[in-house]
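Colleague: Sequence below, structure please.
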Amino acid sequence: MEYMKKYEEWLKNSYFDEDTKKELLGIQEDKKEIQDRFYKDLEFGTGGLRGIIGAGTNRMNRYTVQKATQGLANYILKQEAEGAKGVAIAYDSRYMSAEFAQEAALVLNGNHISTYLFESLRPTPELSFAVRELGCAAGIVITASHNPPEYNGYKVYGRDGGQVPPPWDEKIIEEVNQIQDYSQVKRMEKQKAIEQGYFHIIGEEMDRKYLDAVKKQCILPQIIQNAKDLRIVYTPLHGTGNIPVRQVLKEVGFQNVWVVPEQEKPDPQFSTVSYPNPEDPKAFTFAIDLAKEKNADLIIGTDPDADRVGVLVKDETGEYIVLTGNMTGVLLMDYIIGQKKALDMLPKNSAVLTTIVSTKMSKAIADYYGITLFEVLTGFKFIGEKIKEFEENGEYTYLFGFEESYGYLAGTHARDKDAVVATLLVCELAAFYKSQGMNLYEALQTLYKKYGYYKEELRSLTLKGIEGMEKIQMILSQLRKHPPTSFADKDVVEIRDYDQQRSYHLKTGTEVPIMLPSSNVLYFVLEDASWFCVRPSGTEPKVKFYFGVKAKEENIAEQKLRSLCESVMDHMKQILS
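Modeller: You can find the predicted model right below:
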């Protein structure tokens with residue numbers, strides 16, 4: 001058994017420290033645990049590493065971080081003069097984040113690459129900003145975003161400040177995979193790295209530049225000054241958003257901001273939530289209690305690395321309800337485009353960006369204002385890639401981008417989703433509508449009446465371990481081999497296979513190429529324009545199902561959505577049975 005050989009190698013090899021060996025000895029009777037830790041190397045995927053913290057080749061630990069960083073260093077050094085530009089590094093509030101960030105820095109230093117490590121935890125979008133501000137060759141963030149506390153991760157950013165897109169991500173992966181022996185890792189001791197001028201600490205000066213860039217995204221600053229009575233409850237969910245979000249809201253003029261005390265401080269255990277994710281309504285239990293006490297107009301929560309935002313507002317009954325990522329996205333999109341048009345600030349070549357699994361209401365908004373919408377693959381790096389493309393060729397001017405998974409970016413100061421700027425603009429948006437006598441729930445209803453009732457839902461199947469991975473592949477394989485012809489009594493009229501980069505029109509029998517990178521995603525369009533999409537998660541042992549419908553009336557849209565979801569999920573159960 002190959003995994004047992006690897007396990008024994010880690011126990012015998014003097015390269016691995018005694019704490020690691022002690023941890024591994026503690027599982028010597030648990031063959032299943034040994035198998036899970038050693039049956040494969042933790043995969044360095046298109047977004048980097050993500051996994052459970054612990055000893056083993058399939059875990060996040062100092063050795064897997066070192067190996068990944070050596071691969072990145074090899075890639076950087078093969079690019080002409082890139083090594084001289086250095087690498088910026090940030091980290092969040094998770095277990096081992098600071099330690100992993102320093103290990104990454106010292107491996108880069110061992111390869112004679114300078115590093116700029118933040119003095120303490122910082123938001124992911126600030127790292128994106130810092131890469132560009134410092135002119136670095138790359139950036140690293142140690143974070144597992146909104147995963148449970150036992151996870152950590154390692155994300156790589158390119159010199160444009162965006163997560164590395166294809167084909168460069170694959171070239172980095174190749175370099176990482178070529179390191180077969182941990183002894184190939186070059187590492188410099190910290191004191192030596194400091195003395196030789198490779199190891200640098202950054203902090204307050206970069207914070208100031210980043211926050212100033214965020215504040216420039218305000219569209220109607222006078223609205224904020226006139227909305228001093230807007231009441232906001234904010235929770236950083238024990239993560240990195242606490243200081244920058246509060247600071248930027250204060251500096252632009254919001255005076256009534258209350259932070260959830262139980263979730264204010266960094267906590268790697270995320271002890272007040274089962275899952276530190278602003279997509280999860282249960283994460284807002286404490287925030288809702290505080291909001292009721294303060295009679296808040298809205299509740300905002302950011303995830304641990306402060307790149308995602310969740311928003312709650314009062315509905316017609318006065319209860320706080322969660323806005324989905326799509327709802328917040330279309331509110332922001334309509335506001336940004338509409339206000340810039342009213343102020344004659346809308347460039348003629350304006351473009352907005354979203355992903356293939358996000359609401360189609362964004363297309364209706366773009367069409368209404370006569371601007372161009374681009375849909376990209378899931379993952380904000382593809383939005384960042386488009387921003388770079390626009391800046392290089394000048395064909396379009398980027399206004400705003402969002403994805404349904406609670407990620408938004410206004411401005412080009414960062415090239416990844418930015419919860420700090422999104423929080424600022426959601427609060428400005430709320431101030432604007434309050435000046436019109438509406439809250440954000442009522443504003444959303446106005447948009448539905450204007451553009452139609454678009455409803456979406458995300459469901460997922462969690463399938464862990466080797467068997468789970470095989471089942472996920474089986475679902476995609478069966479859908480390709482035996483594509484269903486109808487769901488919820490509606491015919492399938494189009495199947496988009498992003499892996500094959502082809503769209504198949506079932507009624508006409510024609511094929512059309514898809515001009516996006518290859519990705520293991522299937523997308524089905526029904527005769528009434530309802531749709532659903534299937535894709536394996538890139539960060540969790542899940543297969544995700546995205547659904548979308550449209551109707552002229554809300555109750556009909558909700559009924560259509562329910563029927564579609566049930567029909568598709570029943571079909572998945574049949575595949576797995």
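Colleague: mind giving me the domain split of this structure?
Modeller: The record's domain parsing of the chain by automatic domain parsing lists 40-202, 211-451, 453-576.
Colleague: Make a markdown table out of those and add mean neighbour count, distance to K5 and mean pLDDT.
Modeller: Glycine gets a C-beta too; all of them are placed from N, C-alpha and C. Conversion of the domains of the chain to a markdown table gives the following (neighbours: other C-beta atoms under 10 Å; distance: least, C-beta to C-beta, whole Å; pLDDT from 0 to 100):
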| stretch | mean neighbour count | distance to K5 | mean pLDDT |
| --- | --- | --- | --- |
| domain 40-202 | 21 | 11 | 94 |
| domain 211-451 | 20 | 33 | 96 |
| domain 453-576 | 16 | 17 | 94 |
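Colleague: Can you say which of those domains is nearest to I34?
Modeller: Across the domains of the chain, the minimum distance to I34, taken as C-beta to C-beta, is reached by domain 40-202, at 8.1 Å.
Colleague: What is the end-to-end distance of the closest one?
Modeller: In terms of C-alpha to C-alpha, to the nearest Å, the two terminal residues of domain 40-202 are separated by 36 Å.
Colleague: Quick one: distance of it to the chain centre.
Modeller: 18 Å (C-alpha atoms, centre = their mean, to the nearest Å).
Colleague: Any chance of the domains of the chain in TSV with distance to I27 as columns?
Modeller: Converted to TSV, the domains of the chain look like this (distance: least, C-beta to C-beta, whole Å):
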stretch	distance to I27
domain 40-202	9
domain 211-451	22
domain 453-576	16
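Colleague: Relative to K12, which of those domains is closest?
Modeller: When the domains of the chain are ranked by proximity to K12, the top entry is domain 40-202, at 13.3 Å, counting by C-beta to C-beta.
Colleague: Need the nearest residue in space to T397, chain neighbours excluded.
Modeller: Closest residue to T397 apart from its sequence neighbours, by C-beta to C-beta, 6 or more residues apart in numbering: P347 at 4.1 Å.
Colleague: Distance-wise, check that neighbour relative to K341.
Modeller: Here the criterion is C-beta to C-beta, to the nearest Å. By it, P347 lies 10 Å from K341.
Colleague: and if you look at E175?
Modeller: Between E175 and K341 the distance is 46 Å, computed by C-beta to C-beta.
Colleague: now do L134
Modeller: Between L134 and K341 the distance, using C-beta to C-beta, works out to 35 Å.
Colleague: now N520
Modeller: According to C-beta to C-beta, N520 and K341 sit 39 Å apart.
Colleague: before we move on, what about T235?
Modeller: When C-beta to C-beta is the yardstick, T235 and K341 sit 34 Å from each other.
Colleague: what secondary structure does L399 sit in?
Modeller: At L399 the chain is in strand, as set by DSSP: H, G, I helix; E, B strand; the rest coil.
Colleague: mind listing what it touches?
Modeller: Listed by C-beta atoms under 8 Å, 6 or more residues apart in numbering, the contact set of L399 reads I336, I337, K340, L346, P347, S350, A351, V352, I371, A410.
Colleague: between these, which is closest to Q184?
Modeller: Looking at these and their distance to Q184, the nearest is A410, at 42.8 Å (C-beta to C-beta).
Colleague: contacting residues around that closest one?
Modeller: Q217, L332, I336, L399, F400, D418, V421, A422, L425.
Colleague: how about 7 Å then?
Modeller: With C-beta atoms under 7 Å, 6 or more residues apart in numbering as the criterion, the residues that contact A410 are Q217, I336, F400, V421, L425.
Colleague: Which of those residues fall within helices?
Modeller: Secondary structure assignment (DSSP state H) places I336, V421, L425 from those within helices.
Colleague: okay, these in TSV with distance to N226 next?
Modeller: Supplementary listing: those in TSV, determined by distance: C-beta to C-beta, whole Å:
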residue	distance to N226
I336	19
V421	21
L425	17
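Colleague: which one of those sits closest to T143?
Modeller: The closest of these to T143 turns out to be V421 (C-beta to C-beta; 18.1 Å).
Colleague: quick one: contacts for the residue nearest to that closest one when sequence neighbours are not counted?
Modeller: The spatial neighbour of V421 that comes closest, neighbours along the chain excluded (C-beta to C-beta, 6+ apart), is V214 at 4.8 Å. Taking C-beta under 7 Å, 6+ apart, we find V214 in contact with V248, H413, V420, V421, L424.
Colleague: Which single one of those is nearest to K22?
Modeller: V420 (40.7 Å).
Colleague: got the contact list for the closest one?
Modeller: Here V420 is in contact with P123, P125, V214, G241, P244, V245, V248, A306 (C-beta under 7 Å, 6+ apart).
Colleague: Tabulate the CA atom coordinates of stretch 363-373 in PDB.
Modeller: Extracted in PDB, the C-alpha atoms of stretch 363-373 (Å, rounded to 0.1, in the frame of the first residue of the first chain):
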ATOM      1  CA  LYS A 363     -28.300  40.900 -18.500                       C
ATOM      2  CA  ALA A 364     -31.600  42.700 -18.300                       C
ATOM      3  CA  ILE A 365     -30.100  45.500 -16.300                       C
ATOM      4  CA  ALA A 366     -27.200  45.900 -18.700                       C
ATOM      5  CA  ASP A 367     -29.500  45.900 -21.700                       C
ATOM      6  CA  TYR A 368     -31.700  48.500 -20.100                       C
ATOM      7  CA  TYR A 369     -28.800  50.900 -19.800                       C
ATOM      8  CA  GLY A 370     -27.300  49.900 -23.100                       C
ATOM      9  CA  ILE A 371     -24.000  48.600 -21.800                       C
ATOM     10  CA  THR A 372     -22.100  45.400 -22.400                       C
ATOM     11  CA  LEU A 373     -22.300  42.400 -20.100                       C
END
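Colleague: Run through who's touching it.
Modeller: Where contact means C-beta under 7 Å, 6+ apart, the residues beyond stretch 363-373 that reach it are 330, 333-334, 337, 341, 350-352, 354, 362, 396, 451-452.
Colleague: try 6 Å this time
Modeller: Outside stretch 363-373, the residues that touch it by C-beta atoms under 6 Å, 6 or more residues apart in numbering are M333, D334, I337, S350, A351, V352, Y451.
Colleague: what do you get for stretch 13-33?
Modeller: Applying C-beta under 6 Å, 6+ apart, the set of residues contacting stretch 13-33 from outside is W10, L11, I34, A55, Y182.
Colleague: follow-up on the earlier one: just the contacts of V420: which are in helices?
Modeller: With helices identified by DSSP H, the entries of the contacts of V420 that belong to them are P125, V214, P244, V245, V248.
Colleague: got a list of what the first one touches?
Modeller: Put plainly, it is P125. Contacts were defined as C-beta under 6 Å, 6+ apart; by that measure P125 touches D307, A414, D416, D418.
Colleague: For the third one, which three-state class applies?
Modeller: Going by three-state DSSP, the secondary structure assigned to D416 is coil.
Colleague: looking at this, D491 is in a helix?
Modeller: No: assessed with three-state DSSP, D491 is strand; it does not lie in a helix.
Colleague: need the contact list for it.
Modeller: The neighbours of D491, taking C-beta under 6 Å, 6+ apart as the test, are E527.
Colleague: go with 10 Å
Modeller: By C-beta atoms under 10 Å, 6 or more residues apart in numbering, the residues touching D491 are T485, L506, K507, L526, E527, D528.
Colleague: how near is the second one to N520?
Modeller: Looking back up the chat, that one is L506. To N520, L506 is 21 Å away according to C-beta to C-beta.
Colleague: got it, and the third one?
Modeller: From K507 across to N520, the span is 26 Å (C-beta to C-beta).
Colleague: now the first one
Modeller: When distance is defined by C-beta to C-beta, T485 is 22 Å away from N520.
Colleague: got it, and R246?
Modeller: Distance check for R246 against N520: by C-beta to C-beta, it reads 40 Å.
Colleague: now E403
Modeller: Noted for E403: a distance of 18 Å to N520, by C-beta to C-beta.
Colleague: just to revisit the earlier point, keep only those of the contacts of stretch 363-373 that are in strands.
Modeller: Taking DSSP state E as the definition of strands, the contacts of stretch 363-373 contribute S350, A351, V352.
Colleague: Tabulate these (TSV), appending distance to I288.
Modeller: Rendered in TSV, the data for the ones in strands among the contacts of stretch 363-373 read as follows (distance: C-beta to C-beta, whole Å):
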residue	distance to I288
S350	37
A351	37
V352	32
